[in-house]
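# Following is a predicted model, sequence given first.
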Amino acid sequence: RAWESDREILRNLQIEKKPILVLVNRLDMLEPTRAWNPPYALAPNTQDPKERNIREKMLWADQQIRATLPGHEDVQIIPIAVPSDQHRNVDLLVQRIETFLPDHLKLPFIRNLPHSTVKTRVCERIARQWIPKYAAAAATVAAVPIPIADMIPLATLQGAMWSHIAYIYGQGNILQSVTALAGSGGFGFAFRFVAQELTKLLPGGSVVNAAIAAAATQGYGEVAIEYHNRNGNVSSKELQQLVEKFVGNFVRDVLGKTVLPSSKRDL
């Protein structure tokens, strides 16, 4: 009777041409119930009774789905189990749901999940779509070169980017995330670092132009991604190291291509 109800739901989904995920759950409760040692290859000739029972359950589900939805191609069957110690295919389920969801629902779904490898991978992909936009905005802010001593507009923009990335990752307390960065001297460290690089490569260099502002902002975006990929478990020292690594690499690259060649020509 329960399966008849499921069949009716599946037929309605087929009429609406919706992608379908079918979960074969509670695999850990199949006989022998005390045995649970994933992953299981589900080989046809397996001698493991647990693996054999899981395989038979999967084959049964596949046959039922094919009989109920003939010709429906967008169907995926996922075996799943969630015992307290060894979850099975939960990450795969999250990944498939995210793939099937329309774009406007992907972020609300993924950002509210607990921290996991799948979540960080999806959030990183979404965050990377925004970083170039903030870098372009930074270039616009610095269209008229900004003195190093007057970086408030650029700092405000980068702070907004950091907050946006924190939101994407589902950071419960965005203010705390930004405060952690400010408290570590992150923004100020980056500005001092840019100033030092300018001074080393071009004596008397004291302004940040559009290319440098964009590069520094892009580097900051990478810092934000790394910070949130680690779920905020980053010390002040590590955060400064990340700033030097990512902001430094982007800024050095721009300075090497623009400021340094022109300065050499002037010698």
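Happy to help now that I have it.
# isn't there a strand covering Val22?
Yes. Judged by DSSP: H, G, I helix; E, B strand; the rest coil, Val22 forms part of a strand.
# Point out where the stretch 101-250 of the chain drops to low pLDDT.
145-150, 173-208 (pLDDT under 70).
# For this protein, which segments are assigned as helices?
Taking DSSP state H, the helices of the chain run over residues 2-15, 49-68, 90-100, 103-111, 117-141, 152-168, 174-183, 186-201, 210-229, 236-257, 259-266.
# Now tabulate the ones you listed in a markdown table and tack on mean neighbour count and distance to Pro83.
Placement of C-beta: from N, CA and C, glycine included. What follows is the helices of the chain, written out as a markdown table (neighbours: other CB atoms under 10 Å; distance: least, CB to CB, whole Å):
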| stretch | mean neighbour count | distance to Pro83 |
| --- | --- | --- |
| helix 2-15 | 12 | 23 |
| helix 49-68 | 15 | 13 |
| helix 90-100 | 16 | 11 |
| helix 103-111 | 14 | 24 |
| helix 117-141 | 17 | 19 |
| helix 152-168 | 19 | 31 |
| helix 174-183 | 16 | 33 |
| helix 186-201 | 18 | 41 |
| helix 210-229 | 24 | 27 |
| helix 236-257 | 18 | 35 |
| helix 259-266 | 11 | 59 |
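# who wins for proximity to Val75 among the ones you listed?
helix 49-68 (5.9 Å; CB to CB).
# neighbours of Pro70, just the number please.
8 (other CB atoms under 10 Å).
# what residues are up against it?
For Pro70, the contact set (CB atoms under 8 Å, 6 or more residues apart in numbering) is empty.
# what about the helices of the chain, which gets the closest to Asp28?
helix 49-68 (8.8 Å).
# same for that closest one, what does it pack against?
Counting contacts by 3 or more CB pairs under 8 Å, 6 or more residues apart in numbering; DSSP states H and E, helix 49-68 is packed against helix 2-15, strand 20-24, strand 75-79.
# Now the weakest link among the ones you listed, please, by mean pLDDT.
Lowest mean pLDDT within those: helix 2-15, a mean of 75.
# And for that helix, what's in contact with it?
Ile20, Val22, Gln64, Ile65, Thr68, Leu69, His72.
# switch to 10 Å and redo it
Contact with helix 2-15 is made by 18-20, 22, 64-65, 67-72, 74-75, as judged by CB atoms under 10 Å, 6 or more residues apart in numbering.
# Now distance to Asp91 too, for the helices and strands packed on helix 49-68, in JSON lines please.
Formatted as JSON lines, the helices and strands packed on helix 49-68 follow (distance: least, CB to CB, whole Å):
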{"stretch": "helix 2-15", "distance to Asp91": "24"}
{"stretch": "strand 20-24", "distance to Asp91": "14"}
{"stretch": "strand 75-79", "distance to Asp91": "11"}
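# quick one: which of the helices of the chain is nearest Leu42?
So among these, helix 49-68 is nearest, using CB to CB, at 4.4 Å.
# Turn the helices of the chain into CSV, including distance to Pro32.
Listed next are the helices of the chain as CSV, based on distance: least, CB to CB, whole Å:
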stretch, distance to Pro32
helix 2-15, 24
helix 49-68, 6
helix 90-100, 23
helix 103-111, 36
helix 117-141, 30
helix 152-168, 44
helix 174-183, 47
helix 186-201, 54
helix 210-229, 39
helix 236-257, 47
helix 259-266, 69
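# Gly71: what's it in contact with?
Gln14.
# what about the helices and strands packed on helix 49-68, which gets the closest to Ala155?
strand 20-24 (44.6 Å).
# Hmm, Trp130 is touching Ser163, no?
No. Using CB atoms under 10 Å, Trp130 makes no contact with Ser163, being 11.4 Å away.
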